[in-house]
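> Model the structure of this input:
(2 chains)
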Amino acid sequence: DAGITQSPRHKVTETGTPVTLRCHQTENHRYMYWYRQDPGHGLRLIHYSYGVKDTDKGEVSDGYSVSRSKTEDFLLTLESATSSQTSVYFCAISRTSGGESTDTQYFGPGTRLTVL
Amino acid sequence: QKEVEQNSGPLSVPEGAIASLNCTYSDRVSQSFFWYRQYSGKSPELIMSIYSNGDKEDGRFTAQLNKASQYVSLLIRDSQPSDSATYLCAVRQGGATNKLIFGTGTLLAVQP
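Predicted structure coming up:
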């Protein structure tokens, strides 16, 4: 358990509505990630953060934005949800060792999002 | 596009047998490799990491890495029904980033 929580755990929304998913960590790790997982595609990186206000795009970032105003929180926003964004969303952290970020990632419990 | 390939399965083995899960990757400069287990409806759970060529053992699990062949595998000895899950292979991208590329996973079914 890497002290990661995600909220909400389940959400059903309608096309065109904004949605924000929250990832919260309690261990002060520098790197945080957002993935989506879909059948046949595996886990794909949406965005990641390497510090407060420092974020970058992953391979499937279109339609998503992120913000990190505090070390412990990493928010993923779907500005206008579409049915293609129906997925399971996982947050992850890279554990810190000796003050440096390692490349070992640990995952939160996930958020199941359905866009109707 | 850097890729990580896994056979989707299902791989079916009898209880007590050795399960062998395989993964190939395309990025020759990759240095870090990971195996995750994911039960249905749950999040991925790290099993093992491996960084050097050869074998790394942890209990019933052995990870094997061959960088020349761009191949990493996971062996599960004395397979148990509780090992039934999807196993994800992940490879760290080359360069300064901590980003991982995941395979689509292999579904393992251990038959009692």
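> Run through the strands of the chain in chain order.
Here I'm looking at chain A. A:4-7, A:10-13, A:19-25, A:31-38, A:42-51, A:54-57, A:64-70, A:73-78, A:87-97, A:100-107, A:111-115 (DSSP state E).
> Chain B was what I was after
B:4-5, B:11-14, B:19-25, B:33-38, B:45-50, B:54-58, B:61-66, B:71-76, B:85-92, B:100-102, B:106-111.
> Switch those over to a markdown table; also include distance to residue A:23.
All C-beta spots, glycine's among them, are computed from the backbone N, C-alpha and C. Shown next, in a markdown table, are those (distance: least, CB to CB, whole Å):
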| stretch | distance to residue A:23 |
| --- | --- |
| strand B:4-5 | 24 |
| strand B:11-14 | 32 |
| strand B:19-25 | 27 |
| strand B:33-38 | 18 |
| strand B:45-50 | 17 |
| strand B:54-58 | 28 |
| strand B:61-66 | 28 |
| strand B:71-76 | 28 |
| strand B:85-92 | 19 |
| strand B:100-102 | 17 |
| strand B:106-111 | 27 |
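> Okay, and the beta partners of the residue nearest to residue A:5 when sequence neighbours are not counted?
Residue nearest to residue A:5 in three dimensions, not counting chain neighbours: residue A:24, with 4.9 Å by CB to CB, 6 or more residues apart in numbering or on different chains. Residue A:24 has the following beta-bridge partners by DSSP bridges: residue A:5, residue A:73.
> Check the one 10 residues further on too.
In this structure, residue A:34 has the following beta-bridge partners (DSSP bridges): residue A:47, residue A:91.
> which residues touch it?
For residue A:34, the contacting residues are A:21, A:23, A:45-48, A:58, A:64, A:66, A:74, A:76, A:89-92, by CB atoms under 8 Å, 6 or more residues apart in numbering or on different chains.
> hmm, try it at 6 Å
By CB atoms under 6 Å, 6 or more residues apart in numbering or on different chains, the contact list for residue A:34 reads A:46, A:47, A:76, A:91.
> of all those, which comes closest to chain B?
Among the contacts of residue A:34, residue A:91 lies closest to chain B (CB to the nearest CB), at 9.2 Å.
> The closest one contacts residue A:25, correct?
No. The criterion here is CB atoms under 6 Å, and residue A:91 misses it with residue A:25 at 8.1 Å.
> JSON lines for the strands of chain B, including mean pLDDT and distance to residue A:40?
Shown next, in JSON lines, are the strands of chain B (pLDDT from 0 to 100; distance: least, CB to CB, whole Å):
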{"stretch": "strand B:4-5", "mean pLDDT": "94", "distance to residue A:40": "13"}
{"stretch": "strand B:11-14", "mean pLDDT": "97", "distance to residue A:40": "17"}
{"stretch": "strand B:19-25", "mean pLDDT": "97", "distance to residue A:40": "17"}
{"stretch": "strand B:33-38", "mean pLDDT": "97", "distance to residue A:40": "15"}
{"stretch": "strand B:45-50", "mean pLDDT": "95", "distance to residue A:40": "21"}
{"stretch": "strand B:54-58", "mean pLDDT": "96", "distance to residue A:40": "30"}
{"stretch": "strand B:61-66", "mean pLDDT": "97", "distance to residue A:40": "25"}
{"stretch": "strand B:71-76", "mean pLDDT": "97", "distance to residue A:40": "21"}
{"stretch": "strand B:85-92", "mean pLDDT": "96", "distance to residue A:40": "12"}
{"stretch": "strand B:100-102", "mean pLDDT": "93", "distance to residue A:40": "13"}
{"stretch": "strand B:106-111", "mean pLDDT": "97", "distance to residue A:40": "12"}
